[in-house]
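Q: Quick one, fold the following:
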Amino acid sequence: MVAIAKRAATVGASSACFPDLDSGMYDAPIKIGSFTPVEADQLGIIFFDAVRESAAGVYDDDQRRAWASKVPSGPTGPTG
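A: Model (predicted):
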């Protein structure tokens, strides 16, 4: 999120797309732990929800369906 927010700030993204930009939260430290295969299904759900729900105000239904047509599952996702 930090990299996305900082990149968005450099290209002039509106706060409608990145509401945390105005709050200064994009400068907050973030720690991402190491991935373990056991977490794959949960991460797939997070990805799917982020695309299909959180991006609804920015992308239309067709775009979000193309980006995430189904919840990825397992360590390699739906194609692996």
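Q: can I see the domain layout of this protein?
A: Domain assignment for the chain, taken from automatic domain parsing, gives 1-32, 34-73.
Q: ok, of the ones you listed, where does mean pLDDT dip lowest?
A: Mean pLDDT is lowest for domain 1-32 among those, at a mean of 55.
Q: Which parts of this structure are helices?
A: 2-11, 40-49, 61-67 (DSSP state H).
Q: Quick check: buried residues in the shortest one?
A: Of all the residues in helix 61-67, those buried under the rule 16 or more other CB atoms under 10 Å are Arg64. The way it works is simple: take the backbone N, C-alpha and C, and place the C-beta from them, glycine included.
Q: how about that helix as PDB, C-alpha atoms only?
A: The C-alpha coordinates for helix 61-67 follow below in PDB (Å, rounded to 0.1, in the frame of the first residue of the first chain):
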ATOM      1  CA  ASP A  61     -17.900  -4.600 -13.400                       C
ATOM      2  CA  ASP A  62     -16.400  -6.000 -16.600                       C
ATOM      3  CA  GLN A  63     -13.000  -4.700 -15.700                       C
ATOM      4  CA  ARG A  64     -13.200  -6.200 -12.200                       C
ATOM      5  CA  ARG A  65     -14.400  -9.500 -13.500                       C
ATOM      6  CA  ALA A  66     -11.500  -9.700 -16.000                       C
ATOM      7  CA  TRP A  67      -9.100  -8.800 -13.300                       C
END
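Q: Tell me the helices and strands packed up against it.
A: With contacts defined as 3 or more CB pairs under 8 Å, 6 or more residues apart in numbering; DSSP states H and E, helix 61-67 has no helix or strand neighbours.
Q: And the closest residue to Ala55 other than its chain neighbours, how far from Arg52?
A: Distances taken as CB to CB, 6 or more residues apart in numbering put Arg64 closest to Ala55, at 5.9 Å, once the chain neighbours are dropped. Look at Arg64 and Arg52: by CB to CB, to the nearest Å, they are 5 Å apart.
Q: For Trp29, what are phi and psi?
A: Actually, residue 29 is Pro rather than Trp. Phi and psi for Pro29, reported as degrees, to the nearest 10, are phi -70, psi 150.
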